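Visitor: Return a 3D structure for these sequence lines:
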Amino acid sequence: MPDQPETDRDKAPTNNLSSYAGRWVALLGERVVGQGGTPDQAFKAAQADRFKEIPRIIFIPSDHPVMFPDILERVVASLPSDMPVYLVGGAVRDALLGRASHDLDFILLGEAIPLGRSLARTLGAAFYPLDEERDTARLFLKQPDGNRYTLDFARLRGPDLESDLRARDFTINAMAVEVRKPMELLDPLGGGTDLRSRHLRACSPTSLSDDPIRIFRAVRQAAVLNFHILPETRSLMRQAISLLPNVSPERLRDELFRILDGPRPDTSMRALDILGALPFILPELTELKGVEQPPPHIADVWQHTLDVLNKLDGILDVLDLQNNPDKAANLNMGLVAIRLGRYRQPLSKHLEISLNVDRPIRPLLFLAALYHDVSKPQTRKVDDQGRIRFLGHAQMGAETITDRARLLKLSNPEINRLYIIVRHHLRPLLLGNLERAPSRRAVYRFFRDTGEAGVDICLLSLADVLATYGTTLQQNVWNKYLDIIRILLEAWWEHPEERVSPPIVLNGDDLITRFNLAPGPRIGQLLEVVREAQVTGQIESREEAFLFVKKYLTQKDESGS
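Guide: Residues are numbered from 1 along each chain as shown. Now for the predicted structure:
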C-alpha cells in the first residue's frame, strides 16, 4: 500500500490552475496528476496512473469570495479544539452563491446533543434535543443585530463524511467545509459545478425514493434559486410520486408552506401538478381544471387560481418594505404602489404575525388563495338565460379548506383564519359593484365579520380582480377597486376606533338594568345596534346610547317585530 499523500493547504504551485478552482488537485512537482471534490478523491485519481508515487494534495480556491455567516466564527471559537466539525448543506451552498443563510447544519464525529447543550450555554442560545435517537440537537440564537439563527448539530451517520454527503438530496446541498478551514470546499459529487450551471441534480438514483418529500423540496429549491431540474432527476421524482402516501401529513404541510412562502408559488404549484404530486397534498385542486367561467373571467378556474397566486405575489412585492421601482413598472402594479404604498410598514408587521410558532401568516394567505374558488366545480350552474353561476361557492369553499387544513394538522387559529378568508373573499368585490363608495356601516360590518383577516381579504381581492380581467382590465375599474381597498385599510389602520372597533359605552348589564330586559341573544343584538350607531356618528356618549336604545325598542314594539 502506498503511503498517505502529503496535503499542503498553504502552498499552491506557481503555474495557472484556475481551471481547477474549487477542486482538490494531486500534484507531482508542478504537474496535476489527479483532481476531485475531496482530498481522498484527488489522491485516488492520481493513484490510477501513478500508484507508486505520493502526490501533494492542495485545494485550488475559487476566484469568487465566499461569505459565511458571522455566527460561524462564534461557533468555531466555542468548539473543542480537537473535534472535527463540518458545516454542510444549504449554508455552504448559500455561501458560494453569496446569499445570506440563517439555518446552519453541522456534522461532527462525536456526540451531538452534549455538544449542542454546551454550545447553547456558551452562546446564550435556546437548546432543544431535536432527535435523541439520532443524536441531533437544535439551537436558536438571536444576535444583537436582530438576526435569528437556527443551528443543527448531528452525529455523522455514515462511515465517513463522503458517505454522509452522498446520502443527501441534491448535489448542491451535498457540499461541506471543515469549520476551521471554511475556504476549503469538500465537494465529492460536483455540487459546485452544478451550482455554477444552475442545475438541480439528485445525489443518487435512490435519493428521491429514499425520501419522497424531496420531490417538493426540488420544486421549491428550483423556484428559490431559479435552477433547472435535470431530466434524469425529474424522472426520479416521477418514479417516487407513488411513495408520497408514506410521508407524514406534517412533513408534507411543512414543505408546502415553504413553497408558498417562497418566490413564484404559482410556478411551483404548476410544477407539482405536472409531476402528479398535487393529488397527494391538495387533491381538491385537481377538479378545478377545465371549469369554465363567465366574463369578465378570461380563464378556467384552475388557471385563474394560479394567476391569483402570481398576482398576489406581485402585490406583496410591490408593497414590500424594500421598495423596488422595477417591481412597479407595470401600470396596474404602479397604481398599487401609489395608492396603497403608505401601508407598507403596517402591512409588513401584519405579515410577520404568526398564528403558529413554526409558520408565518404569508404562506397561509397563499393557501387561502389556492382554495378561494375550490368549490366552484360543485356549485356551477347555468340559469335559464344561459348565465354561469357559482352560488354558495364561498361558503362551501370555507368548509372545504377547513377540512383540508385539519388533515394538514394546522392549528385552530390557522384553520379559523383560512375559513374567514375563503368565506368572505367576495366581500370587497361586492362592494365594488355598488355605485357609491362603501358606507361607514359597510366598512364596520366587513371588519366585524372578518377581524384582522380582513387585511388578508383585501390583498386577495386585488389579486382576484387582476387575475379575473387580465389584459382586459380597464383603468376605471381598477381605480375603483383600489379606492375600496384603500378605504378599508384606512379604516383598519388609521381610524380603528371610529370605523372598526368603537369604544364601549354600554354593556349588557347596563341594558338589562335600565330597560328591565332578560339576559339572552337580544342583549347582544342591541349592543351591535349601538356599535353600528357609533360608527355612523349617531352616538357619541353613554346617555346618547341609552336614548338611542330606548327609541329603537319603542319602534320595535310599535312595529310588533
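Visitor: so what pLDDT did the spatially most central residue of the chain get?
Guide: Centroid check for the chain by CA atoms, centre = their mean gives Asp261 as the closest residue, at 1.5 Å. pLDDT recorded at Asp261 is 94.
Visitor: Also Asp8?
Guide: 51.
Visitor: Not counting sequence-adjacent ones, nearest residue to the residue nearest to the centre of the chain?
Guide: Nearest residue to Asp261 in three dimensions, chain neighbours excluded: Pro363, at 4.1 Å (CB to CB, 6 or more residues apart in numbering). The way it works is simple: take the backbone N, C-alpha and C, and place the C-beta from them, glycine included.
Visitor: what's Glu435 sitting at in phi/psi?
Guide: Backbone dihedrals for Glu435, given as degrees, to the nearest 10, come out at phi -70, psi -30.
Visitor: residues near it, how many?
Guide: A total of 4 residues lie near Glu435 under the criterion other CB atoms under 10 Å.
Visitor: what about it, distance to Pro296?
Guide: Distance, Glu435 to Pro296, using CB to CB, to the nearest Å: 18 Å.
Visitor: same deal with Val247?
Guide: Computed as CB to CB, the Val247 to Pro296 distance reads 40 Å.
Visitor: Looking at those two, which one has more neighbours?
Guide: Regarding Val247 and Pro296, a neighbour count based on other CB under 10 Å identifies Val247 as having more, with 18 against 13.
Visitor: tally of neighbours for the closest residue to the more buried one other than its chain neighbours?
Guide: Nearest non-adjacent residue to Val247, counting by CB to CB, 6+ apart: Ile213, 5.2 Å away. By other CB under 10 Å, the residues close to Ile213 number 19.
Visitor: same deal with Gly276?
Guide: Using other CB under 10 Å: Gly276 sits among 15 other residues.
Visitor: same deal with Val301?
Guide: Neighbour tally, Val301, other CB under 10 Å: 23.
Visitor: And Ile539, by the same measure?
Guide: Neighbourhood size, Ile539 [other CB under 10 Å]: 23.
Visitor: got it, and Thr193?
Guide: 16.
Visitor: Likewise for the one 10 residues further on?
Guide: Per other CB under 10 Å, the neighbour tally for Cys203 reads 23.
Visitor: thinking it is in contact with Thr171, fair?
Guide: Yes - using CB atoms under 8 Å, Cys203 is in contact with Thr171, at 5.8 Å.
Visitor: Overlap of the contact sets of the two?
Guide: Leu189 (CB atoms under 8 Å, 6 or more residues apart in numbering).
Visitor: before we move on, the earlier item: pretty sure the residue nearest to Asp261 is touching Glu255, no?
Guide: No - using CB under 8 Å, Pro363 is not in contact with Glu255, being 10.9 Å away.
Visitor: picking that back up, and the residue nearest to Asp261, what is it in contact with?
Guide: Leu256, Phe257, Arg258, Ile259, Leu260, Asp261.
Visitor: rerun that using 6 Å as the cut-off
Guide: Listed by CB atoms under 6 Å, 6 or more residues apart in numbering, the contact set of Pro363 reads Phe257, Leu260, Asp261.
Visitor: swap in Asp266?
Guide: Leu306, Leu309, Asn310.
Visitor: same deal with Leu123?
Guide: Leu141.
Visitor: Please apply the same query to Phe106.
Guide: With CB under 6 Å, 6+ apart, Phe106 has these contacts: Val85, Leu87, Phe153.
Visitor: What strand or helix carries Phe127?
Guide: In this structure, Phe127 sits in strand 126-131 according to DSSP states H and E.
Visitor: Not counting whichever helix or strand comes after that strand itself, show me its contacts.
Guide: Tracing the chain C-terminally past strand 126-131 and defining elements by DSSP H and E, one meets strand 136-142 next. Outside strand 136-142, the residues within contact range by CB under 6 Å, 6+ apart are 112-113, 116, 120, 123, 125-130, 148-154.
Visitor: picking that back up, which one of the contacts of Pro363 sits closest to Ile457?
Guide: Leu260 (17.3 Å; CB to CB).
Visitor: what number of residues lie near the closest one?
Guide: Neighbour tally, Leu260, other CB under 10 Å: 22.
Visitor: how close does it sit to Tyr371?
Guide: Applying CB to CB to Leu260 and Tyr371 gives a distance of 12 Å.
Visitor: can you give me the helices in the stretch 151-300 of the chain?
Guide: Taking DSSP state H, counting those that start in this stretch, the helices of the stretch 151-300 of the chain run over residues 161-166, 191-197, 207-210, 214-225, 231-240, 249-260, 265-275.
Visitor: Can you point out the buried residues in the last one?
Guide: By that I understand helix 265-275. For helix 265-275, the neighbour count (16 or more other CB atoms under 10 Å) marks Pro265, Asp266, Thr267, Ser268, Met269, Arg270, Ala271, Leu272, Asp273, Leu275 as buried.
Visitor: Now tabulate those in TSV and tack on distance to Ala453.
Guide: Listed next are these as TSV, based on distance: CB to CB, whole Å:
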residue	distance to Ala453
Pro265	20
Asp266	22
Thr267	27
Ser268	24
Met269	22
Arg270	27
Ala271	29
Leu272	26
Asp273	27
Leu275	32
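Visitor: Look up how far Pro265 lies from the residue nearest to Val247.
Guide: 18 Å.
Visitor: Check Asn173 too.
Guide: Where Pro265 is concerned, Asn173 sits at a distance of 21 Å (CB to CB).
Visitor: Over to Leu17?
Guide: Using CB to CB, Leu17 is found at 43 Å from Pro265.
Visitor: again with Gly36
Guide: 39 Å.
Visitor: wait, isn't Asp194 in contact with Thr171?
Guide: Yes - Asp194 is within contact range of Thr171, at 4.9 Å (criterion: CB atoms under 6 Å).
Visitor: that older thread, out of the contacts of Asp266, flag the one nearest to Pro69.
Guide: Checking the contacts of Asp266 one by one against Pro69 (CB to CB), the nearest turns out to be Leu309, at 31.3 Å.
Visitor: mind listing what's buried in the one helix or strand the closest one maps to?
Guide: Taking DSSP H and E as the definition, Leu309 sits inside helix 301-318. Neighbour-count burial for helix 301-318, counted by 16+ other CB under 10 Å, picks out 301-318.
Visitor: Mind giving me the packing neighbours of it?
Guide: helix 265-275, helix 331-340, helix 361-371, helix 453-469 (3 or more CB pairs under 6 Å, 6 or more residues apart in numbering; DSSP states H and E).
Visitor: Please state the offset of the helix or strand just after the third one from the chain centre?
Guide: Moving toward the C-terminus from helix 361-371, the first helix or strand encountered (DSSP H and E) is helix 376-379. Relative to the chain's own centre, helix 376-379 is displaced by 28 Å; criterion: CA atoms, centre = their mean, to the nearest Å.
Visitor: Give the buried residues for the helix ranked longest in the chain.
Guide: When the chain is parsed with DSSP state H, its longest helix is helix 475-494. Applying a neighbour-count criterion of 16+ other CB under 10 Å, one finds 478, 480-482, 484-489, 491-493 buried in helix 475-494.
Visitor: Let me have the residues you listed in CSV, adding distance to Leu511 as columns.
Guide: Converted to CSV, these look like this (distance: CB to CB, whole Å):
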residue, distance to Leu511
Trp478, 45
Lys480, 40
Tyr481, 39
Leu482, 41
Ile484, 34
Ile485, 36
Arg486, 36
Ile487, 32
Leu488, 30
Leu489, 33
Ala491, 27
Trp492, 28
Trp493, 31
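Visitor: name the helices or strands packed onto the helix or strand where Lys44 lies?
Guide: In this assignment (DSSP H and E), Lys44 forms part of helix 39-47. Under the contact definition 3+ CB pairs under 6 Å, 6+ apart, helix 39-47 sits against strand 24-28, strand 31-36, strand 56-59.
Visitor: What is the second one packed up against?
Guide: What that stands for is strand 31-36. Against strand 31-36 (3+ CB pairs under 6 Å, 6+ apart) you get strand 24-28, helix 39-47.
Visitor: and among those, the most buried is which?
Guide: Mean neighbours per residue, mean count of other CB atoms under 10 Å, is largest over the helices and strands packed on strand 31-36 for strand 24-28, with a mean of 23.
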